[in-house]
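Chemist: here you go, sequence then predicted model.
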Amino acid sequence: MVQPLRLRPTLLVVARTHHLVLLSRRPFSTVLDTPINAAAQQTPPSPSTSSSAFRDAIQAAGPRNNWTRDEVADIYNTPLMELTYAAATVHRRFHSPAAIQMCTLMNIKTGGCSEDCSYCAQSSRYDTGLKATKMVNVESVLEAARVAKANGSSRFCMGAAWRDMRGRKTNLKNVKEMVKGVRALGMEACVTLGMIDAEQAKELKGAGLTAYNHNLDTSREHYPSVITTRTYDERLATIKNVRDAGINVCTGGILGLGEKSKDHVGLIQTVATLPSHPESFPVNALVPIKGTPLGESQAISFDAILRTIATARLVLPATIIRLAAGRHTMREEKQIMCFMAGANAVFTGEKMLTTACNGWEEDKEMFDRWGLRPMESHETLQGQQDGIEKTDSKFTEVVESASHAQLNV
Ligand code: SF4
């Protein structure tokens, strides 16, 4: 009979889980002499310690659109280690954990915007030293897209500092040429042009646009503290126009706008209760720009970023979660934790709009170190949609089959 009184207290704890004999034979500081059960490693956290919303999220077979604010808050407030582990587990059910979508974002029209977004260098209301420029020409955009593709980016995003597209017929025509050119290179094309109406969305769809970015930025409650020149509902109306035109919606937020954690919950719950989840959810960390009202803001804590990503992964299981602005301020280990928790897209390249960006070489080296790889276009929902007739039911089928797929790395 073994003599438990001679064992250290830590071993006594383990002894109660029926491994006493094994451990009493094994000297300290050796590796386990029995194989690790891989299936057991995938076991989600114990439901007994978590809320029913948390359990539902872990067991989800597909996206659901009826999340309540309280449910999302329960998930958000789960102890962070447990939350991150659960998000990593769900991430593996819905996505290949090694695949990271590489996107390059180019400003096609810089500065001079009439909006008052209090974080933005491109608003004409703030003296940030940024020089407004005219829209760049189509060929220079396509040249930049070729460079991005050669460096491994699969999606090329184009941003213009406009409030909306009213009276911008020539601009829209040029943007459509850019979209067509980017698609002809075999890349996904995304644009962010401010508010658009239903007709403009259809025109962009006709040009082959893959996705339209229009961030909600924050919760409905905190939004008026950040922007006063257009409403939350106007943002939602643009998102509806994009969705109705059959373009993938990219909408997310910025952390560090002076909000509280309940505003992270509010933002996630808003996008999670849209008629269909966005294809992509960017999580930006504010990069304070001198001269803007938020220019002296304190950086958001990393645990809040990680918590937001993990919650989004659980509540939006099939969505691509984009670790966007602010990534260049994070050490590599922090970025990797974000990927563990479910982030699976980044902006990479020379610049990200007006802020710095991690470069391709730096990202390639990081990917090599951690066994990550660029996501192929066909791995995204848009890629899977290409070539099939887009009806709602067909799209749902694609989402559900993607949700059930056990993708191999
Ligand atoms: S975020 Fe967009 S809409 Fe707001 S000021 Fe900047 S460019 Fe204009």
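Modeler: Thanks, I have the structure now. Keep in mind that this is a model prediction, so the values were computed, not measured. Residues are numbered from 1 along each chain as shown.

Chemist: how long is stretch 349-369 end to end?
Modeler: One end of stretch 349-369 sits 19 Å from the other (CA to CA, to the nearest Å).

Chemist: average pLDDT across that stretch?
Modeler: Average pLDDT, stretch 349-369: 75.

Chemist: how far away is residue 300 from the ligand?
Modeler: Look at residue 300 and the ligand: by CB to the nearest ligand atom, to the nearest Å, they are 18 Å apart. For every residue, glycine as well, the C-beta is placed using N, CA and C.

Chemist: next one: residue 18, what pLDDT does it get?
Modeler: Model confidence at residue 18, given as pLDDT, is 36.

Chemist: make that residue 392, sorry
Modeler: Here the pLDDT value assigned to residue 392 is 33.

Chemist: distance of residue 296 relative to residue 360?
Modeler: Taking CB to CB, to the nearest Å as the measure, residue 296 falls 32 Å from residue 360.

Chemist: my read is residue 105 is in a strand, agree?
Modeler: Yes. Remark: residue 105 belongs to a strand, assigned using DSSP: H, G, I helix; E, B strand; the rest coil.

Chemist: if I look at it, how far off is residue 261?
Modeler: To residue 261, residue 105 is 28 Å away according to CB to CB.

Chemist: get me the contact residues on this structure for the ligand.
Modeler: Residues of the chain that fall close to the ligand, judged by CB under 6 Å from any ligand atom: 113, 115, 117, 120, 122-123, 161, 163, 194.

Chemist: and those residues, which of them are buried?
Modeler: Buried members of the residues of the chain next to the ligand, scored by 16 or more other CB atoms under 10 Å, are 113, 115, 117, 120, 122-123, 161, 194.

Chemist: what about dumping the CA coordinates of stretch 257-266 to CSV?
Modeler: C-alpha atoms of stretch 257-266 as CSV (Å, rounded to 0.1, in the frame of the first residue of the first chain):
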residue,chain,number,x,y,z
LEU,A,257,-12.6,55.1,-26.7
GLY,A,258,-13.2,55.8,-23.1
GLU,A,259,-15.9,53.1,-22.9
LYS,A,260,-16.6,50.6,-20.2
SER,A,261,-16.6,46.9,-20.5
LYS,A,262,-20.4,46.9,-20.8
ASP,A,263,-19.9,48.7,-24.0
HIS,A,264,-17.7,45.9,-25.4
VAL,A,265,-20.6,43.6,-24.5
GLY,A,266,-23.1,46.0,-26.1
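
Chemist: in the helix or strand harbouring residue 88, what counts as buried?
Modeler: Applying DSSP states H and E as the criterion places residue 88 in helix 80-94. Within helix 80-94, the residues that count as buried by 16+ other CB under 10 Å are 82-91, 93-94.

Chemist: for residue 329, state which of those residues is nearest.
Modeler: residue 84 (20.1 Å; CB to CB).

Chemist: confidence score at that closest one?
Modeler: On the pLDDT scale, residue 84 is placed at 97.

Chemist: please name the residues that touch it.
Modeler: Going by CB atoms under 8 Å, 6 or more residues apart in numbering, residue 84 touches 306, 310, 337, 340-341.

Chemist: ok, residue 136 next?
Modeler: Going by CB under 8 Å, 6+ apart, residue 136 touches 108-109.
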